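coords below, sequence missing:
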């Protein structure tokens, strides 16, 4: 009897985890109108990125992008789904060398900020960025990097990594990734 109870509790916990991932930070991955947005982050200091926050440029709504997976080259792919619209990166939340979590805020409206626009029902790659520790704990360096590869490598790598997971299996996302790769002249694996 105790074994059955344990199995039921573990199964309930697993299923609630699946639901939590599907609706991570309030973003419904099953909504066919959403666009999946990917960004890669790299830190020579070995930082572990937990999330990035974006703000819609048309209103004050904030949107979080989560760490999805760490690649062999030290880059981390961040991912979330977005409604159609324009967005700006406003903060990064990460842990560098296990010294505790750090939040770096970007100056809103700065022309050097990462901004992007998405339409409905697509897959968008907004680039790879290096994050470096600044001279003080309140400062950091942030800018584009070639260390993570290019858009084609990022999208095909994420396709190979994630599209077999239970989160995406049986959804429209594998087809959208295939369509995106075909539009780039790449055949999916």
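Sure thing, it's come through. This is a predicted model, so every value here is computed, not measured.

beta partners for residue 101?
residue 95 (DSSP bridges).

Contacts only, for it.
Counting by CB atoms under 8 Å, 6 or more residues apart in numbering, residue 101 touches 50, 93, 94, 95. Quick note: C-beta positions are derived from backbone N, CA and C, even for glycine.

what number of residues lie near the last one?
I take that to be residue 95. 14 (other CB atoms under 10 Å).

The third one too?
Residue crowding around residue 94 was assessed by other CB under 10 Å; the count is 20.

how about the strands in this protein?
35-42, 48-56, 62-70, 75-82, 85-95, 101-105, 115-118, 123-133, 140-144 (DSSP state E).

neighbouring strands for the third one, and are they parallel or not?
Each strand paired with strand 62-70, and its direction, by DSSP bridges: strand 48-56 (antiparallel), strand 75-82 (antiparallel).

now these in JSON lines, with mean pLDDT and distance to residue 157?
Output for the strands paired with strand 62-70, formatted as JSON lines (pLDDT from 0 to 100; distance: least, CB to CB, whole Å):
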{"stretch": "strand 48-56", "mean pLDDT": "86", "distance to residue 157": "16"}
{"stretch": "strand 75-82", "mean pLDDT": "91", "distance to residue 157": "7"}
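
so where's the protein uncertain?
Applying pLDDT under 70 to the chain flags residues 1-26, 96-100, 134-139, 187-189.

One more pass at 90, please.
Low-confidence segments of the chain, defined by pLDDT under 90: 1-31, 43-51, 58-76, 91-113, 131-143, 149-150, 153-154, 156-171, 173-174, 184-189.

re earlier: do you know which of the strands of the chain lies nearest residue 161?
Nearest of the strands of the chain to residue 161, taken as CB to CB: strand 62-70 at 5.6 Å.
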